[in-house]
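1. Below are the sequence and a predicted model for it; my questions follow.
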Amino acid sequence: MKQVTLYTDGACSGNPGAGGWGCVLLYGAHRLELSGGEVETTNNRMELFAVIAGLERLKYPCRVDVYSDSAYTVRAFEEGWVYEWEKSAWKKADKKPVLNVDLWQRLLALTRTHAVTFHKVKGHADNELNNRCDELARAAILRE
């Protein structure tokens, strides 16, 4: 399997409101920047969609290190929440429905195609690629 690095970020102007996402895919000397947005969305949806967009761009199963400043996204996998939600018919421990289930299902399927490891990075700090993703996400909001 090829080794790929994926940096992601999502942003929203209002929550809910206009949103954007950005990601940077790295493979060897290759770099691909992607971004997009939605007119009415939430920050969490944009964070999830950034990861999905990056993983969906891969043509073959890969080993992927995903770097995100979204505790929501990273902890769902690191702490196993997403697997529990799936087993519980997409209900949380309090029996309420999981939010963003459509995106969680897409992302979970992609993690079964690719060998994905999630890494939490500090947002709006000194991580050049996370900052670039933030720029892409914010620019996508302005285009919407």
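-> Looks like it came in fine. Residues are numbered from 1 along each chain as shown.

2. where in the protein is pLDDT low?
-> Within the chain, the stretches with pLDDT under 70 are 144.

3. where exactly do the helices run in it?
-> 43-57, 71-78, 81-87, 101-113, 128-143 (DSSP state H).

4. Quick check: which of those is buried the most?
-> helix 43-57 (a mean of 23; mean count of other C-beta atoms under 10 Å). Bear in mind the C-beta positions are built from the backbone N, C-alpha and C, glycine included.

5. follow-up on the earlier one: tell me which of the helices of the chain approaches Leu34 most closely.
-> Proximity to Leu34, assessed across these by C-beta to C-beta, is greatest for helix 43-57 (5.5 Å).

6. which other helices and strands contact the closest one?
-> With contacts defined as 3 or more C-beta pairs under 8 Å, 6 or more residues apart in numbering; DSSP states H and E, helix 43-57 has these neighbours: strand 2-14, strand 17-27, strand 30-41, strand 62-68, helix 71-78, helix 101-113, helix 128-143.

7. will you turn those into JSON lines that also has distance to Phe49?
-> JSON lines is the format used below for the helices and strands packed on helix 43-57 (distance: least, C-beta to C-beta, whole Å):
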{"stretch": "strand 2-14", "distance to Phe49": "7"}
{"stretch": "strand 17-27", "distance to Phe49": "5"}
{"stretch": "strand 30-41", "distance to Phe49": "8"}
{"stretch": "strand 62-68", "distance to Phe49": "12"}
{"stretch": "helix 71-78", "distance to Phe49": "10"}
{"stretch": "helix 101-113", "distance to Phe49": "6"}
{"stretch": "helix 128-143", "distance to Phe49": "10"}
